[in-house]
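Chemist: just to be clear, the model below is a prediction. Sequence and coordinates:
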Amino acid sequence: MDRENYITVQGWMVTDLNLSGNELLTYALIYGFSQGNGRGFDGSIKYIMGWLNATKRTVISVLSSLVSKGLLTKFEDTINGVKFCRYVADFTSGVKITPGGGVKITPNNKDIDNKYSLLKENSLTGVKEKVPLFPDASPELRAALQDFADMRKAMKAPLTQRACVLLRNNLEKLASDEETQIAILNQSIMNNWKSVYPLHEEDRQAKNNKPSTDDILKDFFERKARGDFDD
């Protein structure tokens, strides 16, 4: 690293991706290398260690965290029989970057659930790929997200990869439980809103007043004991 070298940290990396500290610097560094041909960062761990002034273990942990969050994509390139790791920062052009060559390494080697994914065209290869909205969401939340994505597509304002991150962050800020997040998505779908907003008070009251399964069963047996049902 030369004295004249620098890293450009853009505001959306903080406000949209919620990055800070070592993760912010590492992402900004690799984002810079991902411009142009989109090959990404194929330098050494030692180079990142110099920027962070951190240990090798710390750098590896930061890279692993960014990959698991879907902000970096990890590739393995084999050159003369030797494997080299390469990292590409996603969201550089609104779609997931998947340059040709190398073997893509996905977090935990889990298969992508294609049912609730967005079909995006790779800006470099022109190949369409399926990208999951929320890889760890429940089937119910994924279905609501897919409905929201379908609505945006019908409005001719399809979600970009970065818009998916914004949607995820906004939902988590508005509600911590999936049931409320689903209600928020349904509210936007019903009103043809392009974004998500806090639940209207009447919707929140209806959600809070919804009887539980125990209440429904209790009412049923009380009414049956009174003879409210015909035999």
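Modeler: Perfect, thanks for sending it.
Chemist: so the residue lying closest to Lys194 once chain neighbours are set aside, which of the three states?
Modeler: Nearest residue to Lys194, sequence neighbours excluded (CB to CB, 6 or more residues apart in numbering): Ala157, at 5.8 Å. For glycine as for every other residue, the C-beta is placed from the backbone atoms N, C-alpha and C. At Ala157 the chain is in coil, as set by DSSP: H, G, I helix; E, B strand; the rest coil.
Chemist: so Ala157 is in contact with Asn192, correct?
Modeler: No - look at Ala157 against Asn192 with CB atoms under 8 Å: they stay out of range, at 10.5 Å.
Chemist: so Arg88 is in which element?
Modeler: For residue 88 the amino acid is Val, not Arg. In this structure, Val88 sits in strand 82-89 according to DSSP states H and E.
Chemist: name the residues of that strand that come out as buried.
Modeler: For strand 82-89, burial by neighbour count (16 or more other CB atoms under 10 Å) applies to 85-89.
Chemist: can you check stretch 155-170 too?
Modeler: By 16+ other CB under 10 Å, the buried positions in stretch 155-170 come out as 159-168, 170.
Chemist: could I get the average pLDDT for that stretch?
Modeler: The average pLDDT for stretch 155-170 rounds to 83.
Chemist: same check on stretch 23-39?
Modeler: Stretch 23-39 comes out at a mean pLDDT of 81.
Chemist: what's in contact with it?
Modeler: Stretch 23-39 is contacted from outside by 7-10, 13-14, 17, 19, 40-43, 48, 51-52, 59, 62-63, 65-66, 71-72, 86-89, 92-93, 97, 99, 123-124, using CB atoms under 8 Å, 6 or more residues apart in numbering.
Chemist: pull the strand holding Val88 out as CSV, backbone CA atoms only.
Modeler: Listed next in CSV are the C-alpha coordinates belonging to strand 82-89 (Å, rounded to 0.1, in the frame of the first residue of the first chain):
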residue,chain,number,x,y,z
VAL,A,82,-3.0,-23.1,-7.9
LYS,A,83,-6.3,-21.8,-6.4
PHE,A,84,-6.7,-18.1,-5.7
CYS,A,85,-9.6,-16.4,-4.0
ARG,A,86,-11.3,-13.4,-5.6
TYR,A,87,-14.0,-11.1,-4.2
VAL,A,88,-16.5,-9.0,-6.1
ALA,A,89,-18.6,-6.3,-4.6
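Chemist: so what does it touch, helix or strand wise?
Modeler: Packing partners of strand 82-89 (3 or more CB pairs under 8 Å, 6 or more residues apart in numbering; DSSP states H and E): helix 21-33, helix 56-68, strand 72-79.
Chemist: 6 Å - rerun?
Modeler: Using 3 or more CB pairs under 6 Å, 6 or more residues apart in numbering; DSSP states H and E, the elements in contact with strand 82-89 are helix 21-33, strand 72-79.
Chemist: which SSE is Lys153 in?
Modeler: Assigned by DSSP H and E, Lys153 belongs to helix 139-154.
Chemist: after that helix comes which helix or strand?
Modeler: Using DSSP H and E, the next helix or strand after helix 139-154 towards the C-terminus is helix 161-174.
Chemist: that following helix to helix 139-154, inter-axis angle?
Modeler: Between helix 161-174 and helix 139-154, the angle comes out at 130 degrees (axes from the mean of the first three to the mean of the last three CA atoms, to 10 degrees).
Chemist: now do Gln181 against Val14, distance only.
Modeler: 23 Å (CB to CB, to the nearest Å).
Chemist: the more surrounded of these two?
Modeler: Gln181 (24 against 13; other CB atoms under 10 Å).
Chemist: spell out the secondary structure type for the residue nearest to Trp193 when sequence neighbours are not counted.
Modeler: Using CB to CB, 6+ apart and skipping the chain neighbours, the partner closest in space to Trp193 is Gln187 (7.6 Å). Reduced to three states with three-state DSSP, the structure at Gln187 is helix.
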